[in-house]
Structure formats: C-alpha cells, structure tokens
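Participant: sequence and predicted structure are below.
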Amino acid sequence: MATSKKAAPAPAAQPVDTSYLQTLLGYNARRAALSIIGVFLERLAAYGLKPVDFSVMSVIHHNPGVTSRQLCASLAILPPNLVGLIQSLEARGLIERLPHPTDGRALGLHPTAKGVSLMQQAELTASELEIDASSKLSASQRQTLVQLLQKIYL
C-alpha cells in the first residue's frame, strides 16, 4: 500500500527591502505608469486602442491635418514604428490622409467621423480611469504631479 506524502506548506512570503528603489524617480514613475497602464488596457480594450494608438489618435483628433513627421516629433515615436500604426488606423476607418495645404509633398492626417466619435468616448474613458487609478490623490495633487512630470520631459 502506497503512502501519500503531503507537500510541506510554502514558507510565508518574507518582505523584500525595496527602500533604495523607492528613492528613485524612474522606479516610482515606472511603477505608477504600470498601475495606470493596466487599468488603461482593460478599459480601452472596448475601443480597440492600445496606449500608443490612443496617443496617436488623440493628437490627430486635436490637430486635424498633422503630418507623420509632426506626430513622431511630438510623441517621440520612430518613423518606422508609426507607418504600420497609421496604416492600421486608416484600415479601421478612423483616419484619412489628405493633401497638406502648404506642403505639396506631405499628407495631413485627419480623423474621420468614426474616429472623432471613437476618440470622444475613449478620451472620456481615459480621463475617468486616471481619476480612478489615482484615487489616493486629490485633484490638486494629481494636477501637481502631472505638472512635475512634464518638467522632466517637456
């Protein structure tokens, strides 16, 4: 007759010292971003938008006629990475390329009516999720945090 051995219970998780990491701006910014991006991915999945898609669509939505070059510069995206993204958004009927009014060689990117409608809803969702994800902050603290982070990269 075989006897069964029970596995020993796993040891209780011991706290890990991350105190040094918690003094680093990059570590804290990344941890905060990860927590917000997780909620973002969940709530904006309904719109079929990942963070980079959302950013590109938002710039096009608020700047009809923006060029790919301007998008790359404003969002720090490499041109080869933008090409497929623009093609995808165009294939979904969210944007269209039209001749640029002052540069005959360039095409301006414009949201379609479908793109405008999608972004109105998606931006409202994004604003709500950021408030939810940063619920431990007051509105004033949230605004201050955004301003401080912008001082680093703007």
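Facilitator: Received, thanks. Numbers count the residues shown, from 1 in each chain.
Participant: okay, strands next: where are they in the protein?
Facilitator: 95-99, 107-111 (DSSP state E).
Participant: just these: most buried one?
Facilitator: The highest average neighbour count among these, using mean count of other Cβ atoms under 10 Å, belongs to strand 107-111 at a mean of 20. (Each C-beta comes from the backbone N, C-alpha and C, glycine too.)
Participant: averaged pLDDT, that one. What do you get?
Facilitator: For strand 107-111, mean pLDDT rounds to 96.
Participant: likewise stretch 146-154?
Facilitator: Here the average pLDDT along stretch 146-154 is 93.
Participant: any chance of CSV for the strands of the chain, columns distance to residue 131?
Facilitator: Shown next, in CSV, are these (distance: least, Cβ to Cβ, whole Å):
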stretch, distance to residue 131
strand 95-99, 28
strand 107-111, 25
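Participant: tally up the residues packed near residue 57, please.
Facilitator: Neighbourhood size, residue 57 [other Cβ atoms under 10 Å]: 25.
Participant: wait, it sits on residue 122?
Facilitator: Yes: the pair residue 57 and residue 122 passes the contact test of Cβ atoms under 8 Å, sitting 7.4 Å apart.
Participant: what are the phi and psi angles of the spatially closest residue to residue 145 that is not a sequence neighbour?
Facilitator: Of all residues not flanking residue 145 in the chain, residue 137 sits nearest, at 6.7 Å (Cβ to Cβ, 6 or more residues apart in numbering). Here is the backbone geometry of residue 137 (degrees, to the nearest 10): phi -100, psi 150.
Participant: so how far is residue 20 from residue 137?
Facilitator: According to Cβ to Cβ, to the nearest Å, residue 137 and residue 20 sit 24 Å apart.
Participant: more neighbours: these two, which one.
Facilitator: Using other Cβ under 10 Å as the criterion, residue 137 and residue 20 rank with residue 137 on top: 13 against 8.
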